[in-house]
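Trainee: one predicted model, sequence on top.
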Amino acid sequence: MSHSASGHPDVIVVGAGAAGATAAFHLAQQGRGVLLLERGPYPRAKPCGGGMAASMQALFPFDLSPAVDAVIERVRFTWCLGDPVTAELPGDAPFWIVRRSVLDAYLVEQARAAGADFQVGVTVQALRRSGDRWHLLCRGPGGEAQEFEARAVVLADGSGSELAGRHGLGPARPRFADTVSVEVDCAVAEPSTARFEFGLVRHGFCWAFPRQGGYSIGVGTFIGRDPADADAVLTQLLPSLGLPPDAGDRRSGQLRIWDGHHPLHGQGDNTGLVVVGDAASLCDPFLAEGIRPALISGCRAAEALGPWLDGDPAALADYSRRMRQDWGESMAWGKRMAQVFYRVPRVGYQLGIKRPTAPQRIAQILSGEMGYGDIAQRVIRRLLFQRR
């Protein structure tokens, strides 16, 4: 790892998930001294469906395919396991399924090859700024106190992040979607078809994504305060896939979903901080996509930190601006769509999903070819008019 003249890294990245590992790779590739910290254990499975737009390959100079489990060619939507609508996905391999334990470890491997230092078992408890440096007060693998310092810090510590809010990054009160994820090892009847089921879950949906040797299945609720009765939902969903109703290893989780435009870079006494990925509350509030914004934000943060380290004080504000432009403006429409659709999902399915052009539009959103703003106004008007 290259170091600044002080002997310390230029940047410390807190969290080695998809966003943190992406930021670490791109910073190390610039020749920056990078320390990537992970509280561990590592690699670990995460409650994530694993859907990822193949267009994200453009963010990396290396091939992502070793981390890809399945290539999705079509998406099937259902209402209460019936009334199916199928969309063929546009372009060449526009949607991939990955396992987070595999993807995250692969990105960390690339970051280390580029020169980043990686330490597991380190929990960052607090940050404080002194002069032009950040000091990270940590607990090591054996419980011992540790301290690290750097000029800049990337907060990539996931949906449970407490550090971002303490330093004025992202929303002060994050909004969460409740999820239950199920991993099932089994034969897959249609290995290139991803499924979305809208009728079984109040205020949300289920998904079933094929992967190598089985399925990643999930239940998510996106509005309201009552979590879904996931067991009851899965008792119906799993047999439709030819599986026992109690199959699979189940994990509960919370997705920190997009909930408004907020600064993703520190200002004033917090200068030199940026937040990325789930810690930045970037997850899609309509379709729960989290990997794409994790990778985009990790890449964009590294692009902004380079000039900032070289003396451009406005560079980190440009990171917040670009994320608003590249992601947040679409998510603002996605949030509005979710608030209408998930309150009247049967109407939404009939007037939204079942419209001749709708499945293709959703497929284009999943593939990154289109944003919610391209369709939202028409969809919302249609749903609101129907409710009167």
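Mentor: Structure received. Here the structure is a predicted model, which is why all the values come from computation and not from measurement. Numbers count the residues shown, from 1 in each chain.
Trainee: so which residue is dead centre in the protein?
Mentor: residue 290 (2.0 Å; Cα atoms, centre = their mean).
Trainee: contact partners for residue 14?
Mentor: 20, 37, 124, 136, 153, 154, 155, 156, 157, 163 (Cβ atoms under 8 Å, 6 or more residues apart in numbering). All C-beta spots, glycine's among them, are computed from the backbone N, C-alpha and C.
Trainee: now, which of those residues lie within strands?
Mentor: Taking DSSP state E, the ones among the contacts of residue 14 that sit in strands are 37, 124, 136, 153, 154, 155.
Trainee: if we can go back for a sec, can you put the contacts of residue 14 in CSV and add pLDDT, neighbour count and distance to residue 216?
Mentor: Below are these laid out as CSV (pLDDT from 0 to 100; neighbours: other Cβ atoms under 10 Å; distance: Cβ to Cβ, whole Å):
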residue, pLDDT, neighbour count, distance to residue 216
20, 98, 30, 22
37, 98, 27, 27
124, 97, 21, 29
136, 97, 21, 34
153, 98, 30, 32
154, 98, 31, 27
155, 98, 32, 27
156, 97, 34, 22
157, 95, 27, 23
163, 94, 21, 29
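Trainee: for the longest strand along the chain, packing partners?
Mentor: Determined from DSSP E, the single longest strand within the chain is strand 175-185. With contacts taken as 3 or more Cβ pairs under 8 Å, 6 or more residues apart in numbering; DSSP states H and E, strand 175-185 sits against strand 214-221, helix 230-240, strand 249-257.
Trainee: what about the residue nearest to the centre of the chain, distance to residue 17?
Mentor: With distances taken as Cβ to Cβ, to the nearest Å, residue 290 is found 10 Å from residue 17.
Trainee: which residues are in contact with each of the two?
Mentor: Joint contacts of residue 290 and residue 17 (Cβ under 8 Å, 6+ apart) are 277, 278.
Trainee: re the thing from before, the residue nearest to the centre of the chain against residue 253, yeah?
Mentor: No. The criterion here is Cβ atoms under 8 Å, and residue 290 misses it with residue 253 at 10.7 Å.
Trainee: beyond the longest helix along the chain, next helix or strand please.
Mentor: Criterion DSSP state H: the longest helix present in the chain is helix 291-309. Of the helices and strands lying after helix 291-309 in sequence (DSSP states H and E), the nearest is helix 315-323.
Trainee: please report phi then psi for residue 168.
Mentor: phi 70, psi 20 (degrees, to the nearest 10).
Trainee: so what's the nearest residue to it once chain neighbours are set aside up against?
Mentor: When the adjacent residues along the chain are set aside, residue 168 lies closest to residue 270, with 6.0 Å between them (Cβ to Cβ, 6 or more residues apart in numbering). Shown in contact with residue 270 (Cβ under 8 Å, 6+ apart): 129, 167, 168, 169.
Trainee: closest to residue 331 among the residues you listed?
Mentor: The shortest approach to residue 331 among those belongs to residue 169, at 16.8 Å (Cβ to Cβ).
Trainee: do I have it right that that closest one meets residue 265?
Mentor: Yes. At 7.3 Å, residue 169 counts as touching residue 265 under the criterion of Cβ under 8 Å.
Trainee: so what sits against both of the two?
Mentor: When contacts are counted by Cβ under 8 Å, 6+ apart, the set common to residue 169 and residue 265 consists of 273, 274, 275.
Trainee: in strands, which of those appear?
Mentor: 273, 274, 275.
Trainee: I'd say the first one and residue 267 touch.
Mentor: No. The pair residue 273 / residue 267 is not scored as a contact, 9.0 Å apart, by Cβ under 8 Å.
Trainee: more crowded one of those two?
Mentor: Legend: neighbour count by other Cβ atoms under 10 Å for residue 273 and residue 267, higher for residue 273 (23 against 14).
Trainee: partner residues bridging that one?
Mentor: residue 153 (DSSP bridges).
Trainee: and it, how far from residue 286?
Mentor: From residue 273 to residue 286 the distance is 29 Å (Cβ to Cβ).
Trainee: quick one on the thing from earlier: between the contacts of residue 270, which has the most around it?
Mentor: Of those, with other Cβ under 10 Å as the count, residue 169 tops at 26 neighbours.
Trainee: next, the buried residues of stretch 86-99.
Mentor: 87, 89, 93, 94, 95, 96, 97, 98, 99 (16 or more other Cβ atoms under 10 Å).
Trainee: and these, which is the shakiest by pLDDT?
Mentor: Lowest pLDDT among the buried residues of stretch 86-99: residue 93, with 55.
Trainee: follow-up on the earlier one: out of the contacts of residue 270, name the ones that lie in helices.
Mentor: Using DSSP H, none of the contacts of residue 270 sit in helices.
Trainee: which ones among these map onto strands?
Mentor: residue 129.
Trainee: would you format the contacts of residue 270 as TSV with distance to residue 303 included?
Mentor: As requested, the contacts of residue 270 are exported to TSV (distance: Cβ to Cβ, whole Å):
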residue	distance to residue 303
129	23
167	21
168	22
169	18
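Trainee: one step back: comparing the helices and strands packed on strand 175-185 by mean pLDDT, which bottoms out?
Mentor: Among the helices and strands packed on strand 175-185, strand 249-257 scores lowest, with a mean of 88.
Trainee: returning to that earlier point: need the contacts of residue 270 in TSV with pLDDT, can you?
Mentor: Converted to TSV, these look like this (pLDDT from 0 to 100):
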residue	pLDDT
129	95
167	94
168	93
169	94
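Trainee: any idea which of the contacts of residue 270 is closest to residue 309?
Mentor: The closest of the contacts of residue 270, once distances to residue 309 are taken by Cβ to Cβ, is residue 129, at 15.5 Å.
Trainee: skipping adjacent residues, who's closest to the closest one in space?
Mentor: Closest to residue 129 by Cβ to Cβ, 6+ apart is residue 269, at 6.0 Å.
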